[in-house]
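>>> Give me a 3D structure for the following:
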Amino acid sequence: MPIVVNKDDEFVSDMILIVDDDEINRGILDNIFSPYYSTDEAENGRVGLEKILADPSKYCAVLLDVMMPEMNGIEVLRNLYDRGLLSKIPVFLITAEVSSDSLHEAYHLGVMDVILKPVTPYIVLRRINSIVELFRARKRLDNRVEKQNAELLENAKKIIALNQGMIEALSTAIEFRNGESGEHVRRIRDITGFLLRNTELGDGLSETEIENIAIASIMHDVGKIAIPDNILGKPGKLTPEEFEIMKTHTTQGGLLLEKIPQLHDNGIYEYAYDIARHHHERWNGKGYPDGLKGDEISMWAQIVSIADVYDALSCKRVYKDAFPREKVVQMIKDGECGVFNPKLLECFFRVEEELSKLYVKHE
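Presented below is the predicted three-dimensional model:
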């Protein structure tokens, strides 16, 4: 039975290309197939190849003679094979004679079938219909799978965006408790990502890793949720006892992240925990909570550390006004906020002018 073409199926082509230098042979094949398919014709292999390459999706099958001027059928097959098209369009050799070597090469290249002339209409129709239907079914399946994969990818992106939004919302809520607007965590994310992408500090890290670190940096102060309001929002200088309590936001942050099991399977967890606990460590070992020094401190924790200091100095806080950019830079150079990795400082100051644009509205 001939195939009934569903005209509403956007993935189905119903046109057959007949490539033969003999007009009578083209007419015979057209008479056989035109009741069931649209047909197109080419008088030699070169014209046929040009038509196929112009729009490979236009044809559901190609009926190809072997002996033709300009370019023979085997040469057409070779060109289609080199372009990977024989796996997408079924090609049939319809010929009066073919050598064993040509036959072997044709099947090796990927021709679907070899049909000898003179053709028997119902036989050639049945053989070609069967293959065309298989290709159509496979193409429909491939397109459905591709569509489903695209939908799954889109859903995954939405879930990732939702997770990131929840992370940012939690971190922003903590910033509100601290008298901040929530822009702080977003600037820390932007500074962290910028330093990793635009300096050698990010060497060896993939874009996915850099993005995970930047997202993880948002949670650097998540432990402040455990700090009492009277300390967190105190407008004046903290007492030594209050400062000791404030310092526990690093360990509290790590503990909080540990207690979110869903986060453990996320690529950001390792970075988030490390950053939350160690973003107040210093290069000379005089930071907290673990007194790490030098390369004991991960590069991402060091980057968030300097980003946090830079942002704190550049913006108004409950306990101070924003400092001018020149003073911020000088204070970091002079180590007034702790000692940083010399390589980190070199990279930071190289791009600081670009980072300062984040604070134009504060000047």
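
>>> Now do the helices in the stretch 251-363 of the chain.
Ranges of helices in the stretch 251-363 of the chain, per DSSP state H, counting those that start in this stretch, are 261-264, 269-278, 299-314, 325-333, 342-355.

>>> just checking, what packs against the first one?
In this case it means helix 261-264. Applying 3 or more CB pairs under 8 Å, 6 or more residues apart in numbering; DSSP states H and E, one finds that helix 261-264 makes contact with no other helix or strand. C-betas here are computed from N, CA, C, even on glycine.

>>> Buried ones in that helix, by neighbour count?
Of all the residues in helix 261-264, those buried under the rule 16 or more other CB atoms under 10 Å are residue 263.

>>> How about residues contacting that helix?
257, 269, 272 (CB atoms under 8 Å, 6 or more residues apart in numbering).

>>> Kindly recompute the last result at 10 Å.
If you take CB atoms under 10 Å, 6 or more residues apart in numbering as the criterion, helix 261-264 is touched by 163, 167, 216, 219, 256-258, 269-270, 272-273.

>>> So, low pLDDT: which residues of this protein?
1-12, 152-153, 155-182, 318, 361-363 (pLDDT under 70).

>>> That one: strands as residue ranges?
With DSSP state E as the criterion, the chain has strands at 15-19, 38-42, 61-64, 91-95, 113-116.

>>> Show the secondary-structure elements that the third one is packed against.
What it means is strand 61-64. With contacts taken as 3 or more CB pairs under 10 Å, 6 or more residues apart in numbering; DSSP states H and E, strand 61-64 sits against strand 15-19, helix 23-33, strand 38-42, helix 45-54, helix 73-82, strand 91-95, helix 121-177.

>>> Would you mark the buried spots in stretch 317-328?
If you call a residue buried by 16+ other CB under 10 Å, then stretch 317-328 has these buried ones: 322-323, 325, 328.

>>> same thing with stretch 44-59?
Using 16+ other CB under 10 Å as the test for burial, stretch 44-59 gives 44-49, 51-52, 56, 59.

>>> Distance to residue 98 for these - can I get that in JSON lines?
Below are the buried residues of stretch 44-59 laid out as JSON lines (distance: CB to CB, whole Å):
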{"residue": "44", "distance to residue 98": "17"}
{"residue": "45", "distance to residue 98": "14"}
{"residue": "46", "distance to residue 98": "20"}
{"residue": "47", "distance to residue 98": "21"}
{"residue": "48", "distance to residue 98": "17"}
{"residue": "49", "distance to residue 98": "19"}
{"residue": "51", "distance to residue 98": "23"}
{"residue": "52", "distance to residue 98": "21"}
{"residue": "56", "distance to residue 98": "25"}
{"residue": "59", "distance to residue 98": "22"}
